[in-house]
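Asker: with the sequence up front, the predicted model follows.
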Amino acid sequence: MRHDHITSARQLTREDIEAVLDRAAEIAAAPDAVADRHAGALLGLLFFEPSTRTKMSFSAAIKRLGGDVVDMGPVESSSVKKGESLADTVRVVEGYADALVLRHPSEGAATMASEYVDVPLINAGDGAGQHPTQTLLDLFTIRENAGLDDVSIGIMGDLKYGRTVHSLAHALTNFEVTQHFISPESLKLPRKVRYDLHQAGSTVKEHTGLESTLPSLDVLYVTRIQRERFPDETEYRKVAGQYQIDAATLADAREALTVLHPLPRVDEIAYDVDATAHASYFRQAHNGVPVRMALLDLLLGGER
Ligand code: NCD
């Protein structure tokens with residue numbers, strides 16, 4: 001892979017994506033083969049926003065490659081509280097680690113920070129911007145379940161603020177995919193993302209309801225309304241609780257429909273869906289470990 005920083009799914013070509021997914025499949029099949037591959041490597045974790053899956057699966061990934069983490073820990077107990085800038089923080093931590101993982105509430109933070117460091121910097125979510133490594137594990141799971149060409153994918157929920165949606169939509173332009181976007185009018189895909197998809201020649205369809213599209217879908221990717229990104233709580237309340245699915249909703253779906261969600265879910269997917277053959281969101285979360293192992297292996301390069 002020729003990138004040193006992974007800041008946006010826009011930078012990933014089909015070849016890049018396939019290199020990561022193929023390596024992830026090899027690792028998933030024989031994890032012991034890479035158990036010492038990056039012995040001594042240190043991954044710097046800088047999480048300025050809450051995280052369970054992303055942070056823990058990056059930690060698991062580097063440890064399963066023989067390495068370890070150095071973790072800034074909660075913002076409240078870091079020098080950020082003393083007024084340190086992000087640029088200074090990453091410049092310091094690059095001296096402690098072989099690669100950095102950054103999550104930050106400001107869109108563009110990872111791109112900005114990447115300009116200050118020489119070690120690979122991975123964007124683990126920048127506000128309502130991008131979340132490219134989530135996309136890699138989403139694609140891995142889609143490929144496992146439905147393949148990545150000649151598929152019809154519905155992406156539903158908060159398409160405006162959902163960074164996993166922006167990254168996934170960009171990455172899917174590398175494949176023969178029809179993308180259906182299902183959301184309330186106020187949470188439609190941002191104009192700049194829609195523009196990029198059109199530029200890439202993708203087939204994009206926008207809907208305000210799921211009913212008419214559901215029967216044609218191979219994959220339904222459900223997302224959480226990103227409450228923390230709404231400038232106004234009343235705007236959130238207007239859309240909260242819409243766009244939920246339960247087992248009954250899925251009666252009209254294809255038998256082979258795969259339901260995904262980056263998690264955490266709030267109330268978008270009722271618990272009765274978990275017991276159906278459609279539910280693949282926990283497997284999707286678990287795939288975060290081999291996929292992040294593959295990405296780290298490619299970025300850290302060769303045996304140490
Ligand atoms: C997502 C995120 O942080 O953008 N979570 C994750 O990384 N799996 C999705 C979300 O918070 O809704």
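Answerer: Yep, it's here.

Asker: for the stretch 151-300 of the chain, just list every one of the helices.
Answerer: Secondary structure of the stretch 151-300 of the chain (DSSP state H, counting those that start in this stretch): helices at 163-172, 191-199, 233-239, 281-286, 288-300.

Asker: residues of this protein that sit close to the ligand?
Answerer: Contact residues, the chain versus the ligand (C-beta under 6 Å from any ligand atom): 53-54, 125, 131, 134, 163-164, 224, 262-263. (Glycine included, C-beta is placed from N, CA and C.)

Asker: repeat that for 5 Å
Answerer: With C-beta under 5 Å from any ligand atom as the criterion, the chain comes near the ligand at residues 53-54, 125, 131, 163-164, 224, 262.

Asker: inside strands: which ones of these?
Answerer: residue 125 (DSSP state E).

Asker: name the secondary structure element that contains the residue lying closest to residue 295 once chain neighbours are set aside.
Answerer: Distance criterion C-beta to C-beta, 6 or more residues apart in numbering; nearest residue to residue 295, sequence neighbours excluded, is residue 20 at 5.5 Å. Using DSSP states H and E, residue 20 falls within helix 14-29.

Asker: which parts of that helix are buried?
Answerer: 16-21, 23-24, 26-28 (16 or more other C-beta atoms under 10 Å).

Asker: could I get those as CSV with pLDDT?
Answerer: Listed next are these as CSV, based on pLDDT from 0 to 100:
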residue, pLDDT
16, 97
17, 98
18, 98
19, 97
20, 98
21, 98
23, 98
24, 98
26, 98
27, 98
28, 98
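
Asker: which of the residues you listed sits closest to residue 66?
Answerer: residue 27 (12.7 Å; C-beta to C-beta).

Asker: rewinding a little: reformat the residues of the chain next to the ligand as TSV; add pLDDT and distance to residue 247.
Answerer: Below are the residues of the chain next to the ligand laid out as TSV (pLDDT from 0 to 100; distance: C-beta to C-beta, whole Å):
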residue	pLDDT	distance to residue 247
53	97	24
54	98	29
125	98	30
131	98	28
163	98	29
164	98	24
224	97	19
262	98	21
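
Asker: distance between the ends of stretch 211-219?
Answerer: Stretch 211-219 stretches 14 Å from its first residue to its last (C-alpha to C-alpha, to the nearest Å).

Asker: ok, now stretch 140-151?
Answerer: Using C-alpha to C-alpha, the two ends of stretch 140-151 sit 14 Å apart.

Asker: avg pLDDT for it?
Answerer: In this model, stretch 140-151 carries a mean pLDDT of 97.
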